[in-house]
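# Prediction below, plus the sequence it came from.
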Amino acid sequence: MALGERNIFNENFDNLMFPVRRVPWPSTWMNDEEVENKENKAIQKLETLLKTPTVAVILEPLVQGAGGMNMVRPQFIKKVSEIIKNNNSLLIADEVLTGFGRCGALFAFQKAKIIPDLISISKGLTGGFLPMGITLCKEKIFQSFIDDSPRKTFWHGHSFTANPLGCAAANASLDLLEKEPKKYLSFEEKHLSHLIKFKNLSYIKKVRVSGTIAAFDLDIGNKKGYFNNIGKEIKSLAMEQGLFIRPLGNVIYLLPPLCITDDQLGKSYWIIRQILDNL
């Protein structure tokens, strides 16, 4: 919790959390003319912070999920990885949201052409059917816990290790994913074919896509993010037409299951468009 952004979700626990140092996230979108300037500022900040010996840097590669589907370019993540490595820090990739095809590659770190030191995976591991999480690490990190002394044991997190039902669901989900990689490799083009009809609407800002994830901001109301209630209204109106979406305040996004058909995706966009036109 301490690693995440300090906001409405965790402000009540602020005095319990340890301090962390943060680097700006250079969010980008279609036709963003400031992206390189934002990336350069973030990189400069990172280089300055890493002059102080730092154990690790953690990030969600390519897309910050709960933060508002904020996306960055793969080349930015690659540059960040190089800086972290040159400063002898560890890179931790949180792929709980971005993994298993969500960003147009099996894992987002592959699309960015990096190799993190540690990777956390969960949601897509079982297709969301059952809870299960795994932490992957490089061999040298794994070996640091191998010792005759119990003091080297990583004591936490083993209560539900290898839960039989979770593992069965994960195996089934991975089998489906490996059989049809085109399901996620080509999804971005499908989103773009629909989003092109939205991008010229005056109240829609920052249209962005990464693999199976498409998002845009609504310039409606005076409040930003989760404090804007327009998302609740749109969610209710969509449910009336048989579409379940979960806007993040004024951020509307689609992150559909890979089994969705082209007709279902098209209907999803049609419903959203009808709702927006009638607001």
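That came in fine, so what should we check first?
# Where do the helices of the stretch 101-250 of the chain begin and end?
For the stretch 101-250 of the chain, applying DSSP state H, counting those that start in this stretch gives helices covering 108-111, 139-143, 164-179, 182-185, 187-195, 230-240.
# just these: most buried one?
Across those, the average number of neighbours (mean count of other C-beta atoms under 10 Å) peaks for helix 108-111, which reaches a mean of 22. In short, each C-beta sits where N, CA and C put it, glycine included.
# can you list the domains in this protein?
Using automatic domain parsing, the domain ranges for the chain come out as 11-179, 186-278.
# out of those domains, which comes closest to Glu5?
Closest to Glu5 of these is domain 11-179 (C-beta to C-beta; 6.3 Å).
# ok, so what distance separates the residue of the chain positioned farthest from its centre from Trp155?
What lies farthest from the middle of the chain is Asp148; by C-alpha atoms, centre = their mean that is 38.4 Å. Going from Asp148 to Trp155 by C-beta to C-beta, to the nearest Å gives 16 Å.
# what does Pro181 give?
38 Å.
# Mind checking which of the two has more residues around it?
Shown here are Pro181 and Trp155; by other C-beta atoms under 10 Å, Pro181 has more neighbours (12 against 7).
# Could I get the phi/psi values of that one?
For Pro181, the backbone dihedrals (degrees, to the nearest 10) come out as phi -60, psi -20.
# Just the pLDDT at it, thanks.
With respect to pLDDT, Pro181 scores 94.
# My guess is it contacts Ala105. True?
No - taking C-beta atoms under 8 Å as the definition, Pro181 is not a contact partner of Ala105, at 9.4 Å.
# OK, contacts around Cys74?
Actually, residue 74 is Pro. It isn't Cys. Neighbour list for Pro74: Leu62, Lys111, Ala112, Lys113 [criterion: C-beta atoms under 8 Å, 6 or more residues apart in numbering].
# Name the nearest residue to Tyr184, ignoring sequence neighbours.
Nearest non-adjacent residue to Tyr184, counting by C-beta to C-beta, 6 or more residues apart in numbering: Gly101, 3.0 Å away.
# Please list all residues in contact with the one you found.
The contact partners of Gly101, by C-beta under 8 Å, 6+ apart, come to Gly124, Leu177, Pro181, Lys183, Tyr184, Leu185, Phe187, Gly211, Thr212, Leu258.
# Give me the pLDDT for it.
Reported pLDDT for Gly101: 96.
# what does Gly67 give?
88.
# Now do Asp262: how many residues are near it, please.
9.
# Also Trp25?
17.
# Use 873 as the first number from now on
Will do, 873 is the new start, and the previous item becomes Trp897.
# And what about it, helix, strand or coil?
Look at Trp897: counting by DSSP: H, G, I helix; E, B strand; the rest coil, its state is coil.
# quick one on the thing from earlier: could I get the contacts of Gly973 as JSON lines with distance to Pro898?
What follows is the contacts of Gly973, written out as JSON lines (distance: C-beta to C-beta, whole Å):
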{"residue": "Gly996", "distance to Pro898": "25"}
{"residue": "Leu1049", "distance to Pro898": "30"}
{"residue": "Pro1053", "distance to Pro898": "29"}
{"residue": "Lys1055", "distance to Pro898": "29"}
{"residue": "Tyr1056", "distance to Pro898": "25"}
{"residue": "Leu1057", "distance to Pro898": "26"}
{"residue": "Phe1059", "distance to Pro898": "24"}
{"residue": "Gly1083", "distance to Pro898": "19"}
{"residue": "Thr1084", "distance to Pro898": "22"}
{"residue": "Leu1130", "distance to Pro898": "28"}
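# Among those, which pair sits farthest apart?
It's Gly996 and Leu1057 that sit farthest apart of the contacts of Gly973, by C-beta to C-beta, at 14.9 Å.
# could you pull out the strands for the stretch 873-1022 of the chain?
Assigned by DSSP state E, counting those that start in this stretch, the strands in the stretch 873-1022 of the chain fall at 928-931, 935-936, 942-943, 962-966, 990-993, 1006-1009.
# Relative to Phe1099, which of these is closest?
Evaluated over those, closeness to Phe1099 peaks at strand 942-943, with 16.6 Å, by C-beta to C-beta.
# what's in contact with the closest one?
With C-beta under 8 Å, 6+ apart as the criterion, strand 942-943 contacts Trp897, Ser899, Thr900, Trp901, Leu934, Val935, Gln936, Arg1080, Val1081, Ser1082, Ile1085, Ala1087.
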